[in-house]
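**Student:** Structure of the sequence below:
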Amino acid sequence: MAKKPLTREEVTELFSELDASGVLDPAYGRSHESARQRPDGAGRPTAGAGPIGRLLGQGDRPRRRRTIDPLSADDPSGSKVGHTISRAAIGFVVATFALIVGIQIIYGVIRRLNTANLSESVTIDTVKTALKGGVEWGSGFTQFPQEFTVDQADERSGDVEVSVTDTRSHNELEVFSNAQIQGSAFATNALLNNKISRVVYNVWARVDGDGNISHSSLFGLLPAQGTKRQILTFIWTKQRSAATSNIDLELRIVGMDEQIADRIQKQVNSVSSLIVKPGISQGDLEAERDDRNLQDALKGAETLTGGAPEKDPAGVVRKFKQSMQ
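**Tutor:** Residues are numbered from 1 along each chain as shown. As a prediction, this is how the structure comes out:
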């Protein structure tokens, strides 16, 4: 059914409810309607009875109007879904953060409770627990290779001997450096026990057909392959002095053959050459050492007291060259 077109008066009344910004404001329109009310004060027309109500198909049904602010962040429909989603997202982030922190705290507490203290007790079980869960070293923990064996752990004899197989290091230099850190942490923890005086830390690795170190890959999912070979052994001994209360710790590194030692030396020189000089050779190192020794030989008491040089530079150089022949 077609709606009746608006009359001139109704069009005028329709646009009279728009404020200066072009926003519909019923209060603005009512202020104009009050000037046209009947003299007997019969009251204003009800909402919905005017032209806007007719356009919306409301007829004479009353409806409540409210002002809409175009600059407001609130939903004009009154929906609170946006606020609910924001609160849920913030709550999820806070809960996730609290969960992560809580898990870290619980993991740290459980790890400390399960860490063996070899300074109090040294047995086969406590040594296995230490190698499996790590030992406290510095401000954290030192982990050991997953493949290990406890060869001896006896407080009566005072000896502790373990063997580990390094499957994460890529070359002999990494095996040596990692084993030194791990062995120092393990030996120090054990030698703090008054009944332990000797700790042996055997280091093994897997090598391929060419003798190169084989390591695991893909975060340990692909284990190292190759023949198991002993690389070196760290031996720590503890001695007490009868005259004093001092405790002396002595370290010996044994079992390293010429091939392993030569590879470690080449790998150390390759790292040093990146810092000192590319392509440095053994001759360059010896020449630098000889020059430093010559400078020391030329120094006399004048370096401390001042005055003329005590030594003849030409004579010192001549004697130095003769000693080098």
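**Student:** what ranges do the strands span in this structure?
**Tutor:** 135-137, 140-142, 147-154, 159-166, 198-207, 213-214, 227-240, 247-254 (DSSP state E).
**Student:** The fifth one packs against which elements?
**Tutor:** Put plainly, it is strand 198-207. Where contact means 3 or more C-beta pairs under 8 Å, 6 or more residues apart in numbering; DSSP states H and E, strand 198-207 is packed against strand 147-154, strand 159-166, helix 172-191, strand 213-214, strand 227-240. Where you see a C-beta, it was placed from the backbone N, CA and C, and this is true even at glycine.
**Student:** likewise the shortest one?
**Tutor:** Using 3+ C-beta pairs under 8 Å, 6+ apart as the contact test, the elements touching strand 213-214 are helix 172-191, strand 198-207.
**Student:** can we see that at 7 Å?
**Tutor:** Secondary-structure packing of strand 213-214 (3 or more C-beta pairs under 7 Å, 6 or more residues apart in numbering; DSSP states H and E): strand 198-207.
**Student:** pLDDT weak spots in the chain?
**Tutor:** For the chain, applying pLDDT under 70 flags the ranges 1-3, 17-78, 111-116, 220, 241-244, 270-285, 300-309, 324-325.
**Student:** ranges for the helices of it?
**Tutor:** 8-16, 26-33, 51-55, 81-114, 124-133, 172-191, 258-275, 282-298, 302-305, 313-324 (DSSP state H).
**Student:** closest one to Thr142 among these?
**Tutor:** helix 172-191 (4.0 Å; C-beta to C-beta).
**Student:** how about that closest one: buried residues?
**Tutor:** Counting neighbours by 16 or more other C-beta atoms under 10 Å, one finds that the buried residues in helix 172-191 are 172-176, 178-180, 182-191.
**Student:** Nearest approach to Asn269 belongs to which of the strands of the chain?
**Tutor:** Asn269 lies closest to strand 213-214 among these, at 17.8 Å (C-beta to C-beta).
**Student:** who's in contact with the closest one?
**Tutor:** 169-172, 175, 205-208, 224-226 (C-beta atoms under 7 Å, 6 or more residues apart in numbering).
**Student:** Which among those residues count as buried?
**Tutor:** Looks like those have 169, 172, 175, 205-207, 224, 226 buried, using 16+ other C-beta under 10 Å.
**Student:** quick one: which of those residues is nearest Val150?
**Tutor:** The shortest approach to Val150 among these belongs to Ala205, at 18.8 Å (C-beta to C-beta).
**Student:** which residues does the closest one bridge with?
**Tutor:** Asp166, Arg229 (DSSP bridges).
**Student:** Could you identify which of the helices of the chain is most buried?
**Tutor:** The highest average neighbour count among these, using mean count of other C-beta atoms under 10 Å, belongs to helix 172-191 at a mean of 21.
**Student:** Specify the angle between that one and strand 159-166 in degrees.
**Tutor:** Per axes from the mean of the first three to the mean of the last three C-alpha atoms, to 10 degrees, the angle that helix 172-191 makes with strand 159-166 is 150 degrees.
**Student:** Could you list every helix and strand that helix 172-191 packs against?
**Tutor:** In terms of contacts (3+ C-beta pairs under 7 Å, 6+ apart), helix 172-191 is packed against strand 135-137, strand 140-142, strand 159-166, strand 198-207, strand 227-240, helix 258-275.
**Student:** repeat that for 6 Å
**Tutor:** The contact analysis (3 or more C-beta pairs under 6 Å, 6 or more residues apart in numbering; DSSP states H and E) places helix 172-191 against strand 135-137, strand 198-207, strand 227-240, helix 258-275.
**Student:** Compile the ones you listed into JSON lines and extend it with columns for distance to Asp296.
**Tutor:** As requested, these are exported to JSON lines (distance: least, C-beta to C-beta, whole Å):
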{"stretch": "strand 135-137", "distance to Asp296": "40"}
{"stretch": "strand 198-207", "distance to Asp296": "39"}
{"stretch": "strand 227-240", "distance to Asp296": "35"}
{"stretch": "helix 258-275", "distance to Asp296": "23"}
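**Student:** just so I know, which of those lies nearest Thr149?
**Tutor:** That would be strand 198-207 among the helices and strands packed on helix 172-191, by C-beta to C-beta, at 8.8 Å.
**Student:** just to revisit the earlier point, make TSV out of the helices of the chain and add distance to Val150.
**Tutor:** Formatted as TSV, these follow (distance: least, C-beta to C-beta, whole Å):
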stretch	distance to Val150
helix 8-16	95
helix 26-33	89
helix 51-55	91
helix 81-114	17
helix 124-133	5
helix 172-191	11
helix 258-275	24
helix 282-298	42
helix 302-305	57
helix 313-324	53
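**Student:** Save the helices and strands packed on strand 198-207 as JSON lines, and put in distance to Val199 too.
**Tutor:** Formatted as JSON lines, these follow (distance: least, C-beta to C-beta, whole Å):
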{"stretch": "strand 147-154", "distance to Val199": "10"}
{"stretch": "strand 159-166", "distance to Val199": "5"}
{"stretch": "helix 172-191", "distance to Val199": "4"}
{"stretch": "strand 213-214", "distance to Val199": "25"}
{"stretch": "strand 227-240", "distance to Val199": "5"}
